[in-house]
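Peer 1: My questions concern the predicted model and sequence given below.
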Amino acid sequence: MAEVTSTLNLLSSDNPVFCCYCFWAGLLVLKMLLMTLLTAARRFSKKSFVNPEDLALSKAAEVSFQDPDVERVRRAHRNDLENILPYLLIALAYITTGPNAIVARLLFCIVAISRIFHTAIYAFRPVPQPSRSIAFFVPFFITLYMTFCVIVKMAKYV
Amino acid sequence: MAEVTSTLNLLSSDNPVFCCYCFWAGLLVLKMLLMTLLTAARRFSKKSFVNPEDLALSKAAEVSFQDPDVERVRRAHRNDLENILPYLLIALAYITTGPNAIVARLLFCIVAISRIFHTAIYAFRPVPQPSRSIAFFVPFFITLYMTFCVIVKMAKYV
Amino acid sequence: MAEVTSTLNLLSSDNPVFCCYCFWAGLLVLKMLLMTLLTAARRFSKKSFVNPEDLALSKAAEVSFQDPDVERVRRAHRNDLENILPYLLIALAYITTGPNAIVARLLFCIVAISRIFHTAIYAFRPVPQPSRSIAFFVPFFITLYMTFCVIVKMAKYV
């Protein structure tokens, strides 16, 4: 049975760490999907559309690429693409290195909550800087930590 | 043998649902790679380059960031990044929840075909709105559905 | 034991090909994370910030979207999003097709090193074109090859 045990699948619902990852990954993907709706809502309220074929939707006279409130949401969304997507990929590799379960689950939770705060602060500005920077760098350094764990653990197989 | 069966690997070519996901994911990645070539083709035909070192390629006099046909393809490509990449990641998690095979395979097919239509409509405008919006929201809501399945199924492990 | 062998998990640290993928994926994610720091460094040195709330960080008088050195790094970063992220996803599917180990490990290595060169050439311009195009198209065609492997292998399951 030792052989069977050795093939225990870390990327499956048998592994509580993977399940925890999936839950927080789901919340982060949900947050990213909502960015699209938030962008659309701001485009309608500011009548700022980038495609000529969309102008009829709001009786806007011409295309607009410069509305500051729309562009702010767009930047928050691009920041998600630059940070959440690499995080979700490297976290999968991190799970396969067999990390301490408590540490891993705590990190998944912190990253997801920080990124949700980051978006809220970026898009709505309820609090001044450096709150946005803090909400950015906490998950940034956790992703960096996971990346180093993966590189160090897997280096011997290259 | 029950233990062995319980570790059946859902993220492997033993699982027909995963194989089906891989096929349609392959088509979507292929589509995204072609966006790069389409962008390059339009840059050459419109002599619209953004890097000074590329100007010699087409005897263009200066860099240009505003060509509407090039920017249209760029927006379609960014829309892919915002929607296809999160979908591909959450669909992996969705597979590990053990969904109904027929439903899952049907959803993978619909998402991929809708996204291919979305690009064609965005880049070439063969048909008027709201066709692009429909081709956008069908895979959007399927991604949302998969995300909810993952969150609900995995919530008990957090 | 034949059944147990057939469920050998290709997406686990038991598979040297997967370990090799994780190592190079780690380096690529590390490279992408550093793009953020490089962007920040250039924003400070050029006093070019896009958010009004960030202006106090460098005594800049107003927001700026046009600094050529900052925008160059931003383009290199977006190029990463468009190419590295789809590559990392399709390479996972490629591993599950059970490719030749030597070929797969060689391709992972070439893609990662080429993309690191691509960024260095794009951001710092140490060498003229077509060096950037070569550093772009080598990993591009490898990604295309992996995508075709996945589509062909998995087509029978659709």
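Peer 2: Happy to help now that I have it.

Peer 1: Pull the number of nearby residues for the residue of chain A found nearest chain B.
Peer 2: Across chain A, no residue is closer to chain B than A:C19, which sits at 3.5 Å (Cβ to the nearest Cβ). Any C-beta I mention is one placed from the backbone N, CA and C, and that applies to glycine too. Look at A:C19: counted by other Cβ atoms under 10 Å in any protein chain shown, it has 22 neighbours.

Peer 1: and what of A:V152?
Peer 2: 12.

Peer 1: Give me every residue in chain A that's in contact range of chain C.
Peer 2: Neighbours of chain C within chain A, by Cβ under 8 Å from any Cβ of the partner chain: A:3-4, A:6-7, A:9-11, A:72, A:75, A:81-83, A:85-86, A:89-90, A:93, A:96-98, A:125, A:128-129, A:132, A:140, A:143-144, A:147-148, A:150-151, A:153-155, A:157-158.

Peer 1: Lowest mean pLDDT among the helices and strands of chain A, which one is it?
Peer 2: helix A:2-6 (a mean of 42; mean pLDDT, DSSP states H and E).

Peer 1: Tell me where chain A has helices.
Peer 2: All helices of chain A, identified by DSSP state H, fall at A:2-6, A:16-46, A:68-96, A:101-124, A:131-154.

Peer 1: Now do the buried residues in the last one.
Peer 2: Within helix A:131-154, the residues scored as buried using 16 or more other Cβ atoms under 10 Å in any protein chain shown are A:131-132, A:135-136, A:138-140, A:142-144, A:146-147, A:149-151, A:153-154.

Peer 1: That helix and chain B in contact?
Peer 2: No - applying Cβ under 8 Å from any Cβ, one finds helix A:131-154 separated from chain B by no less than 14.7 Å.

Peer 1: which other helices and strands contact that helix?
Peer 2: helix A:68-96, helix A:101-124, helix C:16-46 (3 or more Cβ pairs under 8 Å, 6 or more residues apart in numbering or on different chains; DSSP states H and E).

Peer 1: Kindly reformat those as JSON lines containing distance to B:M32.
Peer 2: Putting the helices and strands packed on helix A:131-154 into JSON lines (distance: least, Cβ to Cβ, whole Å) gives the following:
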{"stretch": "helix A:68-96", "distance to B:M32": "13"}
{"stretch": "helix A:101-124", "distance to B:M32": "24"}
{"stretch": "helix C:16-46", "distance to B:M32": "17"}
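
Peer 1: Serialize these to TSV and add fields for mean pLDDT.
Peer 2: Formatted as TSV, the helices and strands packed on helix A:131-154 follow (pLDDT from 0 to 100):
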stretch	mean pLDDT
helix A:68-96	94
helix A:101-124	95
helix C:16-46	93
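
Peer 1: Provide a list of residues in contact with A:L27.
Peer 2: A:A112, A:I116, B:I151 (Cβ atoms under 8 Å, 6 or more residues apart in numbering or on different chains).

Peer 1: Check A:I102 too.
Peer 2: Counting by Cβ under 8 Å, 6+ apart, A:I102 has no contacts.

Peer 1: Which of the contacts of A:L27 sits closest to chain C?
Peer 2: Distances from chain C to these, taken by Cβ to the nearest Cβ, are shortest for A:A112, at 17.6 Å.

Peer 1: burial count for that closest one?
Peer 2: Using other Cβ under 10 Å: A:A112 sits among 21 other residues.

Peer 1: Find the residue closest to it in space, skipping its chain neighbours.
Peer 2: A:W24 (4.0 Å; Cβ to Cβ, 6 or more residues apart in numbering or on different chains).

Peer 1: can you pull the contacts of the residue in chain A positioned nearest to chain C?
Peer 2: At 3.5 Å from chain C, A:Y157 is the closest residue in chain A, using Cβ to the nearest Cβ. A:Y157 sits next to C:P16, C:C19, C:C20, C:F23 when contact means Cβ under 8 Å, 6+ apart.

Peer 1: In this structure the first one contacts C:I95, no?
Peer 2: So the one you mean is C:P16. No - C:P16 lies out of contact with C:I95 (Cβ atoms under 8 Å); the separation is 10.7 Å.

Peer 1: So those two - more neighbours on which side?
Peer 2: C:I95 (20 against 15).

Peer 1: show me the contacts for the more buried one.
Peer 2: C:L10, C:L11, C:N15, C:V17, C:F18, C:Y21, C:A104.

Peer 1: Among these, which one lies nearest to C:K46?
Peer 2: C:Y21 (37.1 Å; Cβ to Cβ).

Peer 1: what's the neighbour count on the residue nearest to the closest one when sequence neighbours are not counted?
Peer 2: Distances taken as Cβ to Cβ, 6+ apart place C:F108 nearest to C:Y21, at 5.3 Å, with adjacent residues excluded. Neighbourhood size, C:F108 [other Cβ under 10 Å]: 26.

Peer 1: how close does C:F108 sit to B:A61?
Peer 2: 41 Å (Cβ to Cβ, to the nearest Å).

Peer 1: now A:K31
Peer 2: Distance from A:K31 to B:A61, by Cβ to Cβ: 44 Å.

Peer 1: Contact residues of chain A facing chain B?
Peer 2: A:1, A:4, A:7-9, A:11-14, A:16, A:18-20, A:22-27, A:29-30, A:32-33, A:35-36, A:50-51, A:53-54, A:56-57, A:77, A:81, A:85, A:88-89, A:105, A:109.

Peer 1: Give the buried subset of those residues as a PyMOL selection command.
Peer 2: Command for PyMOL that selects the buried part of these, burial taken from 16+ other Cβ under 10 Å:
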select buried, chain A and resi 7+9+11+12+13+18+19+20+22+23+24+25+26+27+29+30+32+33+35+36+50+51+53+54+57+77+81+85+88+89+105
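
Peer 1: Just flag the most distant two among the contacts of C:I95.
Peer 2: Longest span within the contacts of C:I95, Cβ to Cβ: C:L11 and C:A104, 13.1 Å.

Peer 1: At the geometric centre of chain A, which residue do we find?
Peer 2: Of all residues in chain A, the one closest to the mean position by Cα atoms, centre = their mean is A:I84, 2.8 Å from it.

Peer 1: and that residue, what is it in contact with?
Peer 2: Each residue near A:I84 by Cβ under 8 Å, 6+ apart is listed here: A:L28, A:M32, A:R115.

Peer 1: burial count for the first one?
Peer 2: Meaning A:L28. Applying other Cβ under 10 Å, we find 27 residues neighbouring A:L28.

Peer 1: I figured it was touching A:A112, is that so?
Peer 2: Yes - counting by Cβ under 8 Å, A:L28 touches A:A112, with 5.4 Å between them.

Peer 1: Is A:T147 in contact with C:K31, as I believe?
Peer 2: No - using Cβ under 8 Å as the test, A:T147 is too far from C:K31 to be in contact (9.8 Å).

Peer 1: Tell me how many other residues crowd A:L107.
Peer 2: Quick note: A:L107 (other Cβ under 10 Å) scores 22 neighbours.
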